[in-house]
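Asker: Quick one, what's the 3D model for this:
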Amino acid sequence: MGLFSLFKRPKFIEDEYFGKLRLVTFKDSSKNYFEGKVKFHPTGVEVMIMLDAVADKPTAAQRSFYKNIEEHIDNYITKFTGNIEHELGEWIPGFKIKDFHGEFQLVYVNIPGLQIEPVEWELTFETYHAGSHHIVVLFAGENVDRVLVDA
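Answerer: Here you go, the predicted structure:
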């Protein structure tokens, strides 16, 4: 690795669905990924997105996976609401979510290359509860694997 490789210009691609994405590359190409901001249509809010770079652009399967999240976000929220209440209950005794969309905002979506089953992916939300926290929801396929509270 030469000195000038430290200063290489970032590579950007224009994806038909996600828009402008930055390609982050490593010597080990299995670690390459795309990152950018994309509109999350159910809320109209921009979120950060990270997609494993298994090709020179996001795959049709990754686009479909993201669209599926958008279409079924309320079903996913139903699946992990109890997990969030349990985790935040460790910080705030008796914690209950009254209005998920008013109390939590999606800020990050991670979509893997989708070659390995079950697909491990994640959603991250910001909340004002107990200070300002990030709630990371980790999935294995369609099932909630675990919920993490990040201060």
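
Asker: and residue 112, how many residues sit next to it?
Answerer: Residues lying near residue 112 (other C-beta atoms under 10 Å) number 17. Every residue, glycine included, has its C-beta placed from N, CA and C.

Asker: For it, list the residues it contacts.
Answerer: Listed by C-beta atoms under 8 Å, 6 or more residues apart in numbering, the contact partners of residue 112 are 51, 52, 119, 120, 121.

Asker: Using TSV, please lay out those together with pLDDT and secondary structure.
Answerer: Compiled in TSV, the contacts of residue 112 are given as follows (pLDDT from 0 to 100; DSSP: H, G, I helix; E, B strand; the rest coil):
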residue	pLDDT	secondary structure
51	96	strand
52	93	strand
119	89	coil
120	93	strand
121	95	strand
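
Asker: tell me the two of the residues you listed that are most distant?
Answerer: 51 and 120 (13.4 Å; C-beta to C-beta).
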